[in-house]
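sequence and computational prediction follow.
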Amino acid sequence: MAIRKEDLYKMVESLNDEDKKAAFDFMEFLIERSKSKKPKSWQKIDELESDNDPLTKEEREQLESKEGYISGEDAKREFGLQVDLP
């Protein structure tokens with residue numbers, strides 16, 4: 001399925017700043033994943049079966065909590081990782 005760049009741009013532009021950051025982090029992940037050499041941990045994740053279990057109360061609370069969220073950029077900074085975009 002061909003996706004027009006203009007459609008992607010419009011979608012991103014319609015997001016609020018926080019969601020734009022999440023979209024950026026996810027696209028960064030996709031770019032890294034699509035490179036010919038995936039990190040072994042990502043290969044293992046790709047091979048796992050989907051988890052269809054409902055979220056626990058604790059997991060729902062973590063997802064809804066502002067304190068439990070860390071952006072990809074913050075995580076990279078915390079662990080000293082850097083991604084070079086093409």
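In hand now; what should we look at? Residues are numbered from 1 along each chain as shown.

max-length helix in the protein?
Longest helix in the chain by number of residues (criterion: DSSP state H): helix 17-34.

for stretch 23-30, C-alpha coordinates in PDB please.
Listed next in PDB are the C-alpha coordinates belonging to stretch 23-30 (Å, rounded to 0.1, in the frame of the first residue of the first chain):
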ATOM      1  CA  ALA A  23       4.900   9.800  16.700                       C
ATOM      2  CA  PHE A  24       8.500  10.900  16.300                       C
ATOM      3  CA  ASP A  25       9.800   8.300  18.700                       C
ATOM      4  CA  PHE A  26       7.800   5.600  17.000                       C
ATOM      5  CA  MET A  27       9.000   6.600  13.600                       C
ATOM      6  CA  GLU A  28      12.600   6.600  14.900                       C
ATOM      7  CA  PHE A  29      12.000   3.100  16.200                       C
ATOM      8  CA  LEU A  30      10.700   2.000  12.800                       C
END
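
what about it, distance to the chain center?
5 Å (CA atoms, centre = their mean, to the nearest Å).

before we move on, back to that, same for the longest helix of the chain, what does it pack against?
Packing partners of helix 17-34 (3 or more CB pairs under 8 Å, 6 or more residues apart in numbering; DSSP states H and E): helix 72-79. Placement of C-beta: from N, CA and C, glycine included.

in the helix it packs on, what's buried?
In terms of neighbour count (16 or more other CB atoms under 10 Å), helix 72-79 has its buried residues at Gly72.

find the residue at the geometric middle of the protein.
Central residue of the chain (CA atoms, centre = their mean): Phe26, 3.0 Å from the mean position.

report the buried residues of the longest helix of the chain.
Asp25.

what of stretch 2-11?
Applying 16+ other CB under 10 Å to stretch 2-11 flags no residue as buried.

just give the closest residue to the residue nearest to the centre of the chain, not the sequence neighbours.
Computed as CB to CB, 6 or more residues apart in numbering, the closest residue to Phe26 that is not its neighbour in sequence is Gly72, at 7.9 Å.

didn't the one you found look like it was pressed against Met27?
No. Contact status for Gly72 versus Met27: not in contact, 10.0 Å apart, counting by CB atoms under 8 Å.

with that, I have no additional questions.
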